[in-house]
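Enquirer: Sequence and computational prediction follow.
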Amino acid sequence: MAGFAVLLRKELKQQLRTYRLLIVAAVFLFFGLGTPLLLHYLPRLVPADDMFNMTIPEFTAVDAVQEYLSNFGQVGLLAAILVTMGMVARERESGTAAMILSKPVGRGAFVTAKLAALTLVFTVGIALGGLGCYAYTLIIFGNPGGSNFLVANVVAGLYLLVCLAVTLMFSSFFRSQLAAGGLALVLLIIVALTAGLPVMKDYSPGALLKWANDIAAGSGTNAWGALIVSLLVIVLTLIIGWRVFRGKEL
């Protein structure tokens, strides 16, 4: 792990220079502010239809939080893939990786620093989005429950960390960003679908999003198995990415 601190500083500067931090923060803040507003105005925008007996219910604070958390499995997933798929592949393609690794730094530190920087970037984005969602939900619908809201965001954020780690692994495999992003998307969709299987519902990383929704609703259910598996996936993908990258020519 030689040179990790130096590489992490370099990665954080890169996140600022390429506006990745700004983009991720803007995406989460947009949905954090916009979700409670949308639910508040939706009954007014969509009139009741007596012919089809369709009415839009009045939403609650829990509905607003759960709708915001659902964005983690859609927009958050896509943001994680798009931001991460070129982290290693682009630097190999441009020759930047060869230049950096000619210094006294290890490839393990090279890959780990990227995941650490991405984690910090998405932590900032989730924090801003969460603050926006909490504030507007509090104003419009009432208190969504501070502790439950915080824990639900942490659990949903862990799911995004899995997405980041998987995409970074594939970025270490290929020079092509599209190949890395495409394979990561396919695998993560499969992972999300496994959460619906009876044998996997308590262990799939995709179950973290349902757990986050249950926490927001004050449910006593838990998915500790999914949490443990998710942490193992993050560690394993990081190790696999490093080992494969170590054998690649730059």
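Expert: It's in. In this text the structure is predicted, and so the values were computed from the model without any measurement.

Enquirer: Please pull out the lowest mean pLDDT helix or strand from this protein.
Expert: helix 96-101 (a mean of 78; mean pLDDT, DSSP states H and E).

Enquirer: close enough to count as contact, residue 25 and residue 128?
Expert: Yes: using CB atoms under 8 Å, residue 25 is in contact with residue 128, at 5.2 Å. The way it works is simple: take the backbone N, C-alpha and C, and place the C-beta from them, glycine included.

Enquirer: Spit out the contact partners of residue 10.
Expert: Counting by CB atoms under 8 Å, 6 or more residues apart in numbering, residue 10 touches 100, 113.

Enquirer: where's it relative to residue 91, distance?
Expert: 11 Å (CB to CB, to the nearest Å).

Enquirer: Equivalent analysis for residue 202, please.
Expert: 38 Å.

Enquirer: So between those two, which is more surrounded?
Expert: residue 91 (21 against 16; other CB atoms under 10 Å).

Enquirer: A strand includes that one, no?
Expert: No: secondary structure of residue 91 (DSSP: H, G, I helix; E, B strand; the rest coil): helix, not part of a strand.

Enquirer: how about it, what does it touch?
Expert: With the criterion set at CB under 8 Å, 6+ apart, residue 91 makes contact with 97, 100.

Enquirer: so the most centrally placed residue in the chain is in which element?
Expert: Closest to where the C-alpha atoms of the chain average out (CA atoms, centre = their mean) is residue 160, at 2.4 Å. Here residue 160 sits within helix 146-173, counting by DSSP states H and E.

Enquirer: For residue 124, which non-adjacent residue is closest in space?
Expert: residue 25 (5.8 Å; CB to CB, 6 or more residues apart in numbering).

Enquirer: I misspoke; the intended subject was residue 197.
Expert: residue 204 (7.5 Å).

Enquirer: for that neighbour, helix, strand, or coil?
Expert: coil.

Enquirer: where are the low-confidence patches of this protein?
Expert: 1-2, 45-56, 249-250 (pLDDT under 70).

Enquirer: What ranges does it have for its strands?
Expert: Read by DSSP state E, the chain holds no strands at all.

Enquirer: which ones are touching residue 237?
Expert: 165-166, 168-169.

Enquirer: which of the residues you listed lies closest to residue 97?
Expert: Closest approach to residue 97 among these (CB to CB): residue 168, at 13.4 Å.

Enquirer: I figured the closest one hits residue 81, correct?
Expert: No: with contact defined as CB under 8 Å, residue 168 and residue 81 do not form a contacting pair (10.2 Å).

Enquirer: circling back to that earlier point, for residue 73, see how far away the residue nearest to residue 197 is.
Expert: 12 Å.

Enquirer: again, but for residue 57
Expert: For residue 57 relative to residue 73 (CB to CB), the value is 23 Å.

Enquirer: Which one's more surrounded, those two?
Expert: The neighbour comparison of residue 57 against residue 73 (other CB under 10 Å) goes to residue 73, with 21 against 8.

Enquirer: residues in contact with that one?
Expert: 159, 192, 206, 209.

Enquirer: Okay, helices next: where are they in this protein?
Expert: Listed in chain order, the helices of the chain (DSSP state H) span 4-17, 20-45, 61-70, 75-84, 89-94, 96-101, 107-140, 146-173, 177-194, 207-216, 224-246.

Enquirer: Return the distance of the second one from the chain's centre.
Expert: Computed by CA atoms, centre = their mean, to the nearest Å, the chain-centroid distance of helix 20-45 equals 16 Å.

Enquirer: Kindly report the same for stretch 196-215.
Expert: That offset, for stretch 196-215, works out to 16 Å (CA atoms, centre = their mean).

Enquirer: How about residues contacting that stretch?
Expert: So stretch 196-215 is in contact with 66, 69-70, 72-73, 148, 151-153, 155-156, 158-159, 162, 191-195, 221-223, 225-227, 229-230, 233, going by CB under 8 Å, 6+ apart.
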